[in-house]
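Asker: Generate a structure from the sequence data that follows.
(4 chains)
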Number of protein chains: 2
Amino acid sequence: MPFTYEYPRAALTVDCVVFGFDEGALKVVLIRRGIEPFRNQWALPGGFVRPDEPLDAAALRELREETGLKEVYLEQLYTFGAIDRDPRERIISVAYFALVRRADHLPSAATDAAEAAWFEVEKVPQLAFDHGEILEAALQRLRGKIRWQPVGFELLPKKFTLSQIQSLYEAILGRELDKRNFRKKLLALDLLVPLEEFTTAASKRPAQLFHFDQRKYQSLTRKGFIFDL
Amino acid sequence: MPFTYEYPRAALTVDCVVFGFDEGALKVVLIRRGIEPFRNQWALPGGFVRPDEPLDAAALRELREETGLKEVYLEQLYTFGAIDRDPRERIISVAYFALVRRADHLPSAATDAAEAAWFEVEKVPQLAFDHGEILEAALQRLRGKIRWQPVGFELLPKKFTLSQIQSLYEAILGRELDKRNFRKKLLALDLLVPLEEFTTAASKRPAQLFHFDQRKYQSLTRKGFIFDL
DNA sequence: TCAAAAGTGTTCTTGATACACCCATGC
DNA sequence: GCATGGGTGTATCAAGAACACTTTTGA
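Answerer: Residues are numbered from 1 along each chain as shown, chains lettered A, B, ... in the order given. Got it, this is the predicted structure:
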């Protein structure tokens, strides 16, 4: 590995797949591109990494600039580097996978994104670049992940009902789950704290609210506990 | 995302964590660096990605150049981009995770690697750059992965005994497994084909040889089957 | 004949699945 | 009083865990 590095260097970007959950459906943030290439097409939020900026920080910055979102769960997904994935020149993209609460809070477009919006994952249009492939990879990651790590809670309000979380799991896994079995298993983990609060809602019986005990989960994790739903 | 990209660009490398299995121990390939920085220290094989080269191809090429290894199972692991991970300048590294058969076949050093050798993962010395962290990530990936995907077979000869694969799982998972239960579960998958061949070995009872039925596995996978050990 | 690893079944315990009715509320 | 979603327990079945002795070979 001599340090005489004579090649032209590839440009480096980050792209974010931001998931949200609202009205019983899993959603993803897309931006409509304001510039060429793929002008006016929908794409994932993202942009160039600055030379003095950690990758994660770049992802968070782009998210905030393009959609106004912050306070997200963020994790690196995969790096896409096919030589012709960008028609202009070679661009390497480190893709991130993000989860936010309150998908109802509509993202606001900014900078070079003309518009930002939530789409149901089942209904995303054709995407720019290889972003369709990136989204697919993120979905697979999410589906695999919610069973072994308590990331689903990142998509719900801090206080949620058991029905909400079940509906979340059903939307992500794409199949119905048995209500009694789901609750039994979830409560047996002993990681949900029932609050002294109930939903006060529309024309039906109030539901118990819970929150997820992150501290307890982390302490159990250190002892080798593995979340499994 | 304006295309006026005014920043200096980070350099891009690939680094490979190559696992092998031999004498009941999980091993990893390290090279002794021939140049600064970290001259004479042990590091992961790797090097710069060429501008017209896919990332996977770069990983394979570096592996071959630095260690002579080919015919490996290769998969992208994670991208490391801390701003000071290389003392010279900012370098982004896409780390790969590789599995090879016959860890007894000693890798041969070449190009700018002064020397290449297998180390037991339990006994690796201090590594250059952030390669210790990369190795740790690869180990976690491997441990998680062998339970849900039949990658363990990539570390064994094409023909192997049940004891060999059990010893492999024990080495990777770091705990002993019950012989009868392990065999029962493994054979119940119906993916191992018993050969009409036995080990002809040192002072003990000959053992049945098997091979893994890759074709059958792939066909089952398409039907939704999930390997689980 | 001894040492060393190969090979082989059953019992018990645990977790997964399937399944149906009453409750509290707002309209 | 009715429509809507909230809440609860048991019986069956499948998979995981625990466990010890006999066989084959080469030295």
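Asker: State the helix or strand in which the closest residue to A:Leu162 other than its chain neighbours lies.
Answerer: Distances taken as Cβ to Cβ, 6 or more residues apart in numbering or on different chains place A:Arg183 nearest to A:Leu162, at 5.5 Å, with adjacent residues excluded. Quick note: C-beta positions are derived from backbone N, CA and C, even for glycine. Using DSSP states H and E, A:Arg183 sits in helix A:179-188.
Asker: buried residues in that helix?
Answerer: A:182-183, A:186 (16 or more other Cβ atoms under 10 Å in any protein chain shown).
Asker: Run through the strands of chain A in chain order.
Answerer: Ranges of strands within chain A are A:11-22, A:25-33, A:42-43, A:46-48, A:73-80, A:91-99, A:113-120, A:192-198, A:208-212, based on DSSP state E.
Asker: So which of those is nearest DNA strand C?
Answerer: strand A:192-198 (7.7 Å; Cβ to the nearest atom of the strand).
Asker: For chain A, what lies in contact range of chain B?
Answerer: Proximity of chain A to chain B (Cβ under 8 Å from any Cβ of the partner chain) is limited to residues A:1-3, A:5, A:7-13, A:33, A:35, A:46-55, A:76, A:78-79, A:81-83, A:88, A:90, A:92, A:94, A:111-113.
Asker: was I right about A:Pro51 contacting B:Gly81?
Answerer: No. Between A:Pro51 and B:Gly81 there is no contact under Cβ atoms under 8 Å: 11.1 Å.
Asker: any residues in contact with both of the two?
Answerer: Here A:Pro51 and B:Gly81 have B:Ala10 as joint contacts, going by Cβ atoms under 8 Å, 6 or more residues apart in numbering or on different chains.
Asker: returning to what we had before: emit the PyMOL select command for whichever of the residues of chain A next to chain B are buried.
Answerer: Burial among the residues of chain A next to chain B is assessed by 16+ other Cβ under 10 Å; the matching PyMOL selection reads:
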select buried, chain A and resi 1+9+10+11+12+13+33+46+47+48+49+53+55+76+78+79+81+82+83+90+92+94+113
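Asker: filter the residues of chain A next to chain B by proximity to DNA strand D?
Answerer: The subset of the residues of chain A next to chain B within reach of DNA strand D, by Cβ under 7 Å from any atom of the strand, is empty.
Asker: Figure out which of the strands of chain A is closest to A:Trp148.
Answerer: strand A:73-80 (13.4 Å; Cβ to Cβ).
Asker: could you give the angle of that closest one to strand B:91-99?
Answerer: Per axes from the mean of the first three to the mean of the last three Cα atoms, to 10 degrees, the angle that strand A:73-80 makes with strand B:91-99 is 80 degrees.
Asker: neighbouring strands for strand A:73-80, and are they parallel or not?
Answerer: strand A:91-99 (antiparallel) (DSSP bridges).
Asker: residues of the partner strand that come out buried?
Answerer: A:91-99.
Asker: Just give the closest residue to A:Thr221, not the sequence neighbours.
Answerer: Leaving aside its chain neighbours, A:Thr221 sits nearest to A:Phe227 (7.9 Å; criterion: Cβ to Cβ, 6+ apart).
Asker: Report how many residues lie close to that neighbour.
Answerer: Using other Cβ atoms under 10 Å in any protein chain shown, A:Phe227 is surrounded by 15 other residues.
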